[in-house]
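**Student:** This is a predicted model, with the sequence first.
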Amino acid sequence: MQRFTMKILNQLASLLKSPPRLSPADCLARVRSGDALLVDVREPSEWSAGVAKSAALLPFSDLTGARWQWREFLGRAAGRELLLYCASGTRSGMAARILAAEGFRAANTGSLRDWTDSRWPVAAPERKK
């Protein structure tokens, strides 16, 4: 019981701490090498304007909901850093905090605009088959 209580307390403490905030420029090499995974946590209706190339498209609502898409992704992401962005940096910060509380290495990298300002390519989202 004590072990369970400590785990819960550690998770709560993680939720209260701010996740690392990294600039896309600091992350470019890690994403290119595959050491880190870039994740767009915006909602599907926001993706039509474009997404950062190579970003996994995983809505924040699914992370905080049923995790139909996130569950499989997190299983494959073991050991890699998760670099999250959204439209403004707010949801990506919340998502990074949630994932860090679950033991993942996660960082908020701000917004899609931050990535485009760093000259990261933006593309139309791939259609699911």
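**Tutor:** Perfect, I can see it now.
**Student:** Need the three-state assignment for Leu84.
**Tutor:** strand (DSSP: H, G, I helix; E, B strand; the rest coil).
**Student:** From Asp26, how far off is the nearest residue to it once chain neighbours are set aside?
**Tutor:** The spatially closest residue to Leu84, leaving aside those adjacent along the chain, is Ser92, at 3.9 Å (CB to CB, 6 or more residues apart in numbering). Quick note: C-beta positions are derived from backbone N, CA and C, even for glycine. Look at Ser92 and Asp26: by CB to CB, to the nearest Å, they are 15 Å apart.
**Student:** Ok, Pro44 next?
**Tutor:** From Pro44 to Asp26 the distance is 28 Å (CB to CB).
**Student:** can you check Phe104 too?
**Tutor:** Relative to Asp26, and taking CB to CB, Phe104 is found at 18 Å.
**Student:** try Ala124
**Tutor:** Separation of Ala124 from Asp26 (CB to CB): 26 Å.
**Student:** Which one of those two is surrounded by more residues?
**Tutor:** Shown here are Ala124 and Asp26; by other CB atoms under 10 Å, Asp26 has more neighbours (14 against 10).
**Student:** Let's verify that one: helix, strand, or coil?
**Tutor:** Classification of Asp26 using three-state DSSP returns helix.
**Student:** and the most centrally placed residue in the chain, what are its bridge partners?
**Tutor:** The chain has Leu84 as the residue nearest its centroid, 3.0 Å off, counting by CA atoms, centre = their mean. Listed beta-bridge partners, Leu84: Val39, Asn108 (assigned using DSSP bridges).
**Student:** For it, report the pLDDT, please.
**Tutor:** Predicted confidence (pLDDT) at Leu84: the value is 98.
**Student:** shouldn't it be in contact with Ala36?
**Tutor:** No - the criterion here is CB atoms under 8 Å, and Leu84 misses it with Ala36 at 10.4 Å.
**Student:** Quickly list what's touching both of these two.
**Tutor:** Applying CB atoms under 8 Å, 6 or more residues apart in numbering, one finds that no residue jointly contacts Leu84 and Ala36.
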